[in-house]
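Visitor: One predicted model, sequence on top.
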Amino acid sequence: MTQTRAAHPRIAVLATLLVALIAAVLTPGRASAASLQEVTGFGTNPGALKMYRYVPDGLPAGRPVVVALHGCTQNASGYGTGSGWLQLADRWGFSVVLPQQQSANNLSSCFNWFQAGDMERGQGEAASLAQMVDRQLADVSGDPRRVYVTGLSAGGAMTAVMMATYPEKFAAGGVVAGLPYGCAQAAGSPYVCMYVGATQTARQWGDRVRAARPGYTGPWPTLTVLQGTADYTVKPVNMTDLVKQWTDVHGADQTADVSDTVAGYPHQVFRDAGGRAVAETYAITGMGHGQPVDPGTGSTQCGTAGAYLLDVNLCAAYRLGLTWGLG
């Protein structure tokens, strides 16, 4: 009798632990045990890039894919964590492709958004990134209609490259402190483009995109831009030019249909003739060059502050994910 009575508490403890374990597995929004993994053999890889990915444990088929491109001096792991994209992947249930530049291609680890051999369809880094998308969709049975591309600085400029050269692969793009497609060629230099901007009409900007994918009639990806107003590395005029470029591609005008504030920052939405939002901007007042983050555990928070990851009480990844319907 004593042995039987002593067993009861142990059974109760084991039962409690089992229930807790089941709850941990089934409770939505809990951190996943997944980790960043390198993928090799994803194609011919003419741009000689590295591919990493993050797939939350138990991710079902048919989920979205986000391609997140780091900025100069950054890497895939640091950007994926710091920007908040991996945190949101666990929270909302999607996979993330994290390309990484190699120093052999660019000493500052910048994606080569300004070089003709890397910013044209079927060539260089643009082709490598397209091959990563194809591999990811095949491996995780992702939804090809819900693939999104985003990036910071050189990664933001490369985002515009992918939207222009492979528009059929992306539903939308998010450019953070980046540049319009063809800006280096329009300005005569990547540095003039970054520090001054290029003098082009909306039609001229749009023609550069249309020339990147001859004969393509759409649909084109929609655009969201986040830009610091005190950014002296990529001047804010580039956000204006991105809007000119992509509203023209979508056949919309350059007059905002919505002008309000989000987290205290000016926010605008541009719609086409059918009322569809095709471009959106966030002007982060007083912010320098970097990715907006908002560290914390709140429902709208994500990211970790660091070099070029700036705590401004607004998380770019969250705002992009909201626009794209990931949440």
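Guide: Arrived safely. Numbers count the residues shown, from 1 in each chain.
Visitor: What strand or helix carries the spatially closest residue to residue 154 that is not a sequence neighbour?
Guide: Excluding the flanking residues, the one nearest residue 154 by Cβ to Cβ, 6 or more residues apart in numbering is residue 110, at 3.9 Å. For glycine as for every other residue, the C-beta is placed from the backbone atoms N, C-alpha and C. Element membership of residue 110, judged by DSSP states H and E, is empty: it is in no helix or strand.
Visitor: Going by neighbour count, which residues of stretch 54-68 are buried?
Guide: 54-56, 59, 63-68 (16 or more other Cβ atoms under 10 Å).
Visitor: thinking again about what came up before, need the pLDDT of the residue nearest to residue 154.
Guide: The confidence metric pLDDT takes the value 98 at residue 110.
Visitor: again, but for residue 270
Guide: Per-residue pLDDT puts residue 270 at 98.
Visitor: could you list every residue that touches the residue lying closest to it once chain neighbours are set aside?
Guide: Leaving aside its chain neighbours, residue 270 sits nearest to residue 279 (4.2 Å; criterion: Cβ to Cβ, 6+ apart). Applying Cβ atoms under 8 Å, 6 or more residues apart in numbering, we find residue 279 in contact with 222-225, 242-243, 246-247, 250, 252, 269-270.
Visitor: Pull out the buried residues from those.
Guide: Neighbour counting with 16+ other Cβ under 10 Å marks 222-225, 242-243, 246-247, 250, 252, 269-270 as buried within those.
Visitor: Name the nearest of those residues relative to residue 124.
Guide: Nearest to residue 124 out of the buried ones among the contacts of residue 279 is residue 242 (Cβ to Cβ; 21.9 Å).
Visitor: Centre of the chain to the helix or strand hosting the closest one, how far?
Guide: Following DSSP H and E, one finds residue 242 within helix 237-249. On the basis of Cα atoms, centre = their mean, to the nearest Å, helix 237-249 sits 18 Å off its chain's mean C-alpha point.
Visitor: try stretch 234-254
Guide: 18 Å.
Visitor: could you dump it to CSV, C-alpha only?
Guide: Provided in CSV are the C-alpha atoms of stretch 234-254 (Å, rounded to 0.1, in the frame of the first residue of the first chain):
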residue,chain,number,x,y,z
VAL,A,234,21.1,56.7,-49.7
LYS,A,235,19.4,60.0,-50.1
PRO,A,236,15.6,60.1,-49.6
VAL,A,237,15.1,61.2,-53.2
ASN,A,238,15.6,57.6,-54.1
MET,A,239,12.3,56.7,-52.3
THR,A,240,10.6,59.3,-54.5
ASP,A,241,12.2,57.8,-57.6
LEU,A,242,11.2,54.3,-56.6
VAL,A,243,7.6,55.5,-56.3
LYS,A,244,7.8,57.2,-59.7
GLN,A,245,9.2,54.0,-61.3
TRP,A,246,6.7,51.5,-60.0
THR,A,247,3.6,53.7,-60.2
ASP,A,248,4.4,54.2,-63.8
VAL,A,249,4.9,50.5,-64.3
HIS,A,250,1.5,49.9,-62.8
GLY,A,251,-0.1,52.7,-64.8
ALA,A,252,-0.9,54.8,-61.7
ASP,A,253,-0.2,58.5,-61.1
GLN,A,254,2.3,59.9,-58.5
